[in-house]
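[1] Have a look at this fold, sequence not included:
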């Protein structure tokens, strides 16, 4: 019995006595006198609601347990649906970026599809927020609704009925969403949470995206590292099963490019994910990589210290051109990965063909190896780097990376679910359909509770 | 708790006023019924006042018992309500 219910009970008593008062008023105006029996019946109805309130909530809990629905399963289903949509988004953006040069119209169609998936994701997350709201506040909201209904003369009866119906319907309805999802989308229910979903963008110090690389977790004071995700098209996405790895503060995220790990502005993931406490399964990390300027066509350009200006003008398979300005002298490093090789470097139209003087060494990591070149930069210069044609079978690389994604998702989500997800429009709209079903039921129940009764029960 | 004491205060005042008003309108109703007014409709007003006053007195007297009845039925229902099944941990 919280404060609102007490207020509602006493308001019911008050409206009862007000009704009786109007009944015994010696003023023979019929319009006024009709309020007498109305107030009386309102008072009995609200008193029944107040006294039966705990009963109703207990019945709702009983119903939920009978149907086998519960909040953890709901959270797991939302996490799974959100994860699969994010995965779809990452695949589509990768395809779109590869196809863009050849077939721009299809690429824009794919982008439109991606935006629809993003809307669906928003609705899913809205549903999760609503679920948190209802899970912790349903008793309070429902009791506030009853208190509003109890105000004499039916002043706030409609609003109160709406609040009461809303909290009750969504309290019972939202945990039943996994059942709805599995019936109409035919996906298996997950009985354990799929861990955390980490996604985000990678940018350089000036805000331009860094297209690829490997996101790793570096252990401090050692050269051991763990690969988290592959950055594609400036974005990354990964599902992490073992949350304790993420939560360790000894590991910091870095970008591994051509054998060198670049630190980012995030020193510990738990701190960066703190404001996602409401969504413990979803964390967006937007990383700013320190030192690395760009990584395209297997060529990495990084600089120390931070230049005052960096603007990329051209990137294609033979040329990387950019403007760079340093107030004090800074070292510009260019690292290549085999089979890409440097042909020449031109600074302000003065080209250097003899690159042995600039080469400071070789790097190797596993099966990859390459060379590192260093240039001193002072002031504003236009740098042009000519490279030989690298791997020309981009299509093969695309297929391999898509195959990797598919295998990865099959391992995480199950193969049947993957197939259905890739072909299912119903999966995208199921959340908004379910929300609209619940809202319709709410409005119906609110009209039933808060409607003006035509019949007179009290003579 | 201020709002609760305010409401309780109002209830007490409303109850007292309705007892007094019931008496008043019963007297006025009979007075109109017995007055030498030749218009029939005016005399039926008196009849209506008397009737409503009696109903009012009835509801004042009976109201608290009805509220008690509602609470009693709810307490009976809550006792006989089956307890929800408690989830069992898997025993493997």
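    All right, it came through fine. Predicted model, so just to flag it, every value in this text is computed and none were measured.
[2] Quick one: residues in contact with stretch B:8-26.
    With contacts defined as Cβ atoms under 8 Å, 6 or more residues apart in numbering or on different chains, stretch B:8-26 is touched by A:10, A:13-14, A:17-18, A:20-21, A:23-26, B:49-50, B:52-54, B:56-57, B:60. C-betas here are computed from N, CA, C, even on glycine.
[3] now do 6 Å
    Residues lying outside stretch B:8-26 but in contact with it, judged by Cβ atoms under 6 Å, 6 or more residues apart in numbering or on different chains, are A:13-14, A:17-18, A:20-21, A:24-26, B:49, B:53, B:56-57, B:60.
[4] Stretch A:372-379 too?
    Contacting residues not belonging to stretch A:372-379 are listed as A:324, A:326, A:329-335, A:358-361 [Cβ under 6 Å, 6+ apart].
[5] Relative to chain B, which of the residues you listed is nearest.
    Closest to chain B out of the contacts of stretch A:372-379 is residue A:335 (53.7 Å), distances taken as Cβ to the nearest Cβ.
[6] strand partners of the one helix or strand the closest one maps to, parallel vs antiparallel please.
    Element membership for residue A:335, per DSSP states H and E: strand A:319-337. Using DSSP bridges, the strands paired with strand A:319-337 are strand A:299-304 (antiparallel), strand A:309-315 (antiparallel), strand A:368-387 (antiparallel).
[7] Among the contacts of stretch B:8-26, which one is most surrounded by other residues?
    With neighbours defined as other Cβ atoms under 10 Å in any protein chain shown, the most crowded of the contacts of stretch B:8-26 is residue A:20; it has 29 neighbours.
[8] Excluding chain neighbours, give the residue nearest to residue 25 in space.
    In the absence of a named chain, this looks at chain A. Among residues not flanking residue A:25 along the chain, residue B:21 sits closest, at 6.0 Å (Cβ to Cβ, 6 or more residues apart in numbering or on different chains).
[9] Correction: the question concerned chain B.
    The shortest distance from residue B:25 to any residue that is not its chain neighbour, by Cβ to Cβ, 6+ apart, is 3.5 Å, and that residue is residue A:26.
[10] Would you check how far apart residue A:155 and chain B are?
    Applying Cβ to the nearest Cβ, to the nearest Å, one obtains 15 Å for the distance of residue A:155 from chain B.
[11] for that residue, what are its contacts?
    If you count contacts by Cβ under 6 Å, 6+ apart, then residue A:155 has nothing around it.
[12] how near is it to residue A:450?
    For residue A:155, the distance to residue A:450 under the criterion Cβ to Cβ, to the nearest Å works out to 12 Å.
[13] same deal with residue A:61?
    Note on residue A:61: its distance to residue A:450, by Cβ to Cβ, is 24 Å.
[14] quick one: which of these two has more around it?
    Regarding residue A:61 and residue A:450, a neighbour count based on other Cβ under 10 Å identifies residue A:450 as having more, with 21 against 13.
[15] What does the pLDDT read for the closest residue to the more buried one other than its chain neighbours?
    For residue A:450, ignoring the flanking residues on the chain, the nearest one in space by Cβ to Cβ, 6+ apart is residue A:161 at 2.9 Å. Reported pLDDT at residue A:161 in the predicted model: 93.
[16] gap between residue A:161 and chain B?
    Computed with Cβ to the nearest Cβ, the distance linking residue A:161 and chain B is 19 Å.
[17] nearest to residue A:179, of the contacts of stretch B:8-26?
    Ranked by distance to residue A:179 (Cβ to Cβ), the contacts of stretch B:8-26 are led by residue A:13 at 42.0 Å.
[18] OK, contacts around the closest one?
    Residues near residue A:13 by Cβ under 6 Å, 6+ apart: residue B:11.
[19] Could you tell me which residues within the helix or strand harbouring it count as buried?
    When secondary structure is defined by DSSP H and E, residue A:13 falls within helix A:3-23. For helix A:3-23, burial by neighbour count (16 or more other Cβ atoms under 10 Å in any protein chain shown) applies to A:4-23.
[20] do the same with stretch A:254-270
    Judged by neighbour count (16+ other Cβ under 10 Å), stretch A:254-270 contains these buried residues: A:254-264, A:266, A:268-269.
[21] Next step: these restricted to strands.
    Counting by DSSP state E, the part of those found in strands is A:254-257, A:260-263.
[22] Just to be sure, the residue nearest to residue B:25 is in a helix?
    No. Assessed by DSSP: H, G, I helix; E, B strand; the rest coil, residue A:26 does not belong to a helix; its assignment is coil.
[23] circling back to that earlier point, what's the most distant pair in the buried residues of stretch A:254-270?
    Comparing the members of the buried residues of stretch A:254-270, the greatest separation, given Cβ to Cβ, is between A:258 and A:268, at 25.4 Å.
[24] and stretch A:138-152, average pLDDT?
    Averaging pLDDT along stretch A:138-152 gives 93.
[25] chain center to stretch A:103-114, what's the gap?
    Here the centre of mass of C-alpha atoms in stretch A:103-114, compared against the chain's by Cα atoms, centre = their mean, to the nearest Å, lies 22 Å away.
[26] Can you read off the pLDDT for residue A:348?
    According to the model's per-residue confidence, residue A:348 sits at a pLDDT of 85.
[27] Isn't it up against residue A:383?
    No. When contacts are counted by Cβ atoms under 6 Å, residue A:348 is not listed as touching residue A:383 (8.2 Å).
[28] Comparing these two, which residue is more hemmed in?
    Ranked by neighbour count (other Cβ under 10 Å), residue A:348 and residue A:383 place residue A:383 first, with 19 against 11.
[29] residue contacts, that one?
    Neighbouring residues of residue A:383 by Cβ under 6 Å, 6+ apart: A:322, A:347.
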